[in-house]
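Peer 1: no sequence for this one, just the structure:
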């Protein structure tokens, strides 16, 4: 059984991400943990005695548990998938603090929503989502844009540059989805130099061995003026359903997750992003 952690702030965006994950894994046995981190507002705590501070935390905890129960009721109303079970968990603190305090190894995946800007087709990750991507480096994260309309994934893109060797465990979550939906894989190299080095050739060969039995195609595309532009053009032209990449340190992924760049990202807002942790990160 898969164990999927779904942080929620009870927004439409968070609900959308959960429903997307339910459909993506509808044929799988999954335990979904709906997770909410709470804390009183700074104004509530300003100048308050320790007793009053404790009182506000108790109020927030009570409200959080009530909202989680309401969410479970909503889920029971719109789904009857017997393969899925839902549990709730809540704790005090910021979302990132709360996640870091969890035994994260118990989970296979984090699913989070991201909010676009004023209906513009633009992927702008909220500050919570950005912090989780930046700091939670040991678990796969699936980011669902609020613009994403669910369709069974038929084309999955894997953005990489072949500069590092691959481990099966790194790409296993992507392979699972490929197998689950019999999807084709589009391997994308965004190049500065179209010629692969000997190391890149070896890493590509290693990757191809891991993809035995999977329908895949290799696409080598120019850098354009930015990686984001290259990926956006590729996604639009090939109608990609999901974009995956490994979160390496000191790689082009860093360009993708730096907050100033994220806020300007213009690649396909309807495409979920699967971020895979590097074993050596």
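Peer 2: On my side now, so go ahead. Bear in mind the structure is a predicted one, so any value in this text is a computation, not a measurement. Numbers count the residues shown, from 1 in each chain.
Peer 1: can you map out the helices along the protein?
Peer 2: Using DSSP state H, the helices of the chain run over 12-24, 42-45, 50-78, 95-101, 127-135, 168-181, 198-210, 227-238, 252-257, 259-262.
Peer 1: need those helices in a markdown table with distance to residue 157 and mean neighbour count, can you?
Peer 2: For glycine as for every other residue, the C-beta is placed from the backbone atoms N, C-alpha and C. A markdown table is the format used below for the helices of the chain (distance: least, Cβ to Cβ, whole Å; neighbours: other Cβ atoms under 10 Å):
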| stretch | distance to residue 157 | mean neighbour count |
| --- | --- | --- |
| helix 12-24 | 16 | 19 |
| helix 42-45 | 42 | 10 |
| helix 50-78 | 30 | 13 |
| helix 95-101 | 27 | 17 |
| helix 127-135 | 18 | 18 |
| helix 168-181 | 10 | 17 |
| helix 198-210 | 14 | 14 |
| helix 227-238 | 7 | 18 |
| helix 252-257 | 13 | 16 |
| helix 259-262 | 18 | 13 |
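Peer 1: figure out which of these is closest to residue 2.
Peer 2: Residue 2 sits nearest to helix 168-181 of all these, at 8.6 Å, using Cβ to Cβ.
Peer 1: quick revisit: make CSV from the helices of the chain and add distance to residue 270 and mean pLDDT to it.
Peer 2: Listed next are the helices of the chain as CSV, based on distance: least, Cβ to Cβ, whole Å; pLDDT from 0 to 100:
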stretch, distance to residue 270, mean pLDDT
helix 12-24, 11, 96
helix 42-45, 36, 49
helix 50-78, 22, 81
helix 95-101, 25, 90
helix 127-135, 16, 79
helix 168-181, 17, 97
helix 198-210, 27, 95
helix 227-238, 9, 74
helix 252-257, 17, 59
helix 259-262, 17, 42
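Peer 1: and of the ones you listed, who's closest to residue 108?
Peer 2: Ranking these by proximity to residue 108 (Cβ to Cβ) places helix 168-181 first, at 7.3 Å.
Peer 1: contacting residues around the closest one?
Peer 2: Applying Cβ atoms under 8 Å, 6 or more residues apart in numbering, the contact partners of helix 168-181 are 24-25, 27-28, 108-109, 140, 152-154, 156, 158, 183, 185, 207, 210-211, 214, 242, 244, 246, 274, 276-279.
Peer 1: report the inter-axis angle for it versus helix 12-24.
Peer 2: Put simply, helix 168-181 runs at 80 degrees to helix 12-24, going by axes from the mean of the first three to the mean of the last three Cα atoms, to 10 degrees.
Peer 1: grab the most central residue of this protein for me.
Peer 2: residue 142 (2.0 Å; Cα atoms, centre = their mean).
Peer 1: isn't that residue right up against residue 18?
Peer 2: No: Residue 142 lies out of contact with residue 18 (Cβ atoms under 8 Å); the separation is 11.2 Å.
Peer 1: shared neighbours of those two, anything?
Peer 2: The contact sets of residue 142 and residue 18 overlap at residue 111 (Cβ under 8 Å, 6+ apart).
Peer 1: contact partners for residue 112?
Peer 2: So residue 112 contacts 6-7, 14, 17, 128-129, 132, 141-144 (Cβ under 8 Å, 6+ apart).
Peer 1: gap between it and residue 95?
Peer 2: The gap separating residue 112 from residue 95 is 9 Å, by Cβ to Cβ, to the nearest Å.
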